[in-house]
Each structure stands twice: as structure tokens, then as C-alpha cells.
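> Take this sequence and fold it.
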Amino acid sequence: MWHFRLWDVQDVAVFLSVTLCVCHLTAAISISSSQRNLIRSVQEDVFFSVDVTCSGVPTIQWTFMSGAESRSIGTWQPGAFPNISVAYGSRVTACDNGSLGLSDLRLQDGGYYVVSVQDPAGNSRDVGFVLKVNEVLYEDLQYLSVTALALMVVAGLLMLTVWLLHKACRKIQASRRRRQMPEHDATELQPL
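This next block holds a predicted model:
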């Protein structure tokens, strides 16, 4: 007959301590964000809003990824001076809570943004954002309006020309008819 041994108190204590340790490690870093899919237009600003909570002082790193490349935007710790890459220069605003602001958007800024938070113990957590950058077609609208105005002026000039030609043609026809009419008709009435 098989005898199953029930867990003794030491086994349960070890199991609970390991479970609590794992739960503590997974809850050591928390990144919350209200919106992860963002759509902006060229030359607008975008703000990736996150709220990072961590035991200890976290290291926050933002990375940009697209189909063609992956580049670091910047790394910082709350209260310390941010280390922003040269490619982003003065367009980036780094916040102590982990949020990132990017101004004067370009078409090339569209892609996938990842915030990585690492605590002093070496644990890390990542959260991703998708940014779509739309092109503003103001130049095309200006071109279209100028073209439409030019076409309206040309159409007006053509209508004026056709009207003047019509008037001239009517006058020419009237003068031809007058020339074709005889001055003295033989059927004039004779005086009585």
C-alpha cells in the first residue's frame, strides 16, 4: 500500500516564503499608462504618460524601434540629469515619473516606443507604446486653392472673351444685312 506523506509545517513555510518572494519580485516594479496607441500629426508634440513605482530608485530607459532600426532615446533616474541621445537633442522632455515628451514630430518618429524600468536589484519591466505620425497636407491645400482661383480667373476671362466675340459677330451680321438691303425698292408707293 502506498503512503502519501502530507506536507509538514516546514515544507509549507518554505513554499509560502518562496511564493511571497516571487510575488514581491514581480510586484517590485509597476508601470501604469492610460493610453498606449497614440496618433499625432507632423510638427505636433506627443507625451507618453506613464507612472512608474518601484522599490528603490529605478533606472528608466526609453527606446525607439521601427522596422528598419532601433535606437536609444535616453536613460535617467528620478531626480538626476537625464542622458538624452544626440539624435533627439532638445526635442525630448524626461519626467521623474518615467513619462517622456517628444516635440516637433517628424514622419520618421512613427513606430514602437518601449520604456524599460530597472530597480536596484536588477529586476526590470518593459511597456510598449505605438505612435502613428500623420502627414499634414497644408501645402497641398494651398496649392489646390491657388489652382482653383487661377482656373476661376481663366474661366471668367474666357467667358468675357466669348461674350465680346458674340457681340462683335452680331454687329458684323447686322452691318452685312444692312449692306445687302437695296436702297430703293421698286415696290415703293407712288404718290397719288
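
> So which elements touch the longest helix along the chain?
Determined from DSSP state H, the single longest helix within the chain is helix 138-180. Packing contacts for helix 138-180, counted by 3 or more Cβ pairs under 8 Å, 6 or more residues apart in numbering; DSSP states H and E, involve no helix or strand. In short, each C-beta sits where N, CA and C put it, glycine included.

> tell me the average confidence for it?
The average pLDDT for helix 138-180 rounds to 89.

> how far does the helix or strand where Y112 lies sit from the chain's center?
If you go by DSSP states H and E, Y112 is part of strand 111-118. Relative to its chain's centre, strand 111-118 lies at 19 Å (Cα atoms, centre = their mean, to the nearest Å).

> Repeat that for stretch 43-53.
With Cα atoms, centre = their mean, you get 14 Å for stretch 43-53.

> Over to stretch 134-152?
The answer for stretch 134-152 is 21 Å, by Cα atoms, centre = their mean.

> try stretch 42-53
Worked out by Cα atoms, centre = their mean, stretch 42-53 lies 13 Å from the chain centre.

> Show me the contact partners of that stretch.
Stretch 42-53 is contacted by residues 29-35, 38, 40, 58, 60, 62, 97-107, 109, 113, 115, 117, 127, 129, 131, 133-136 when judged by Cβ atoms under 8 Å, 6 or more residues apart in numbering.

> for the record, mean pLDDT for it?
Averaging pLDDT along stretch 42-53 gives 93.

> How is the protein partitioned into domains?
Following automatic domain parsing, one gets these domains for the chain: 29-136, 137-178.

> Can you lay out the ones you listed as CSV showing mean neighbour count and distance to P191?
Compiled in CSV, the domains of the chain are given as follows (neighbours: other Cβ atoms under 10 Å; distance: least, Cβ to Cβ, whole Å):
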stretch, mean neighbour count, distance to P191
domain 29-136, 15, 89
domain 137-178, 10, 27
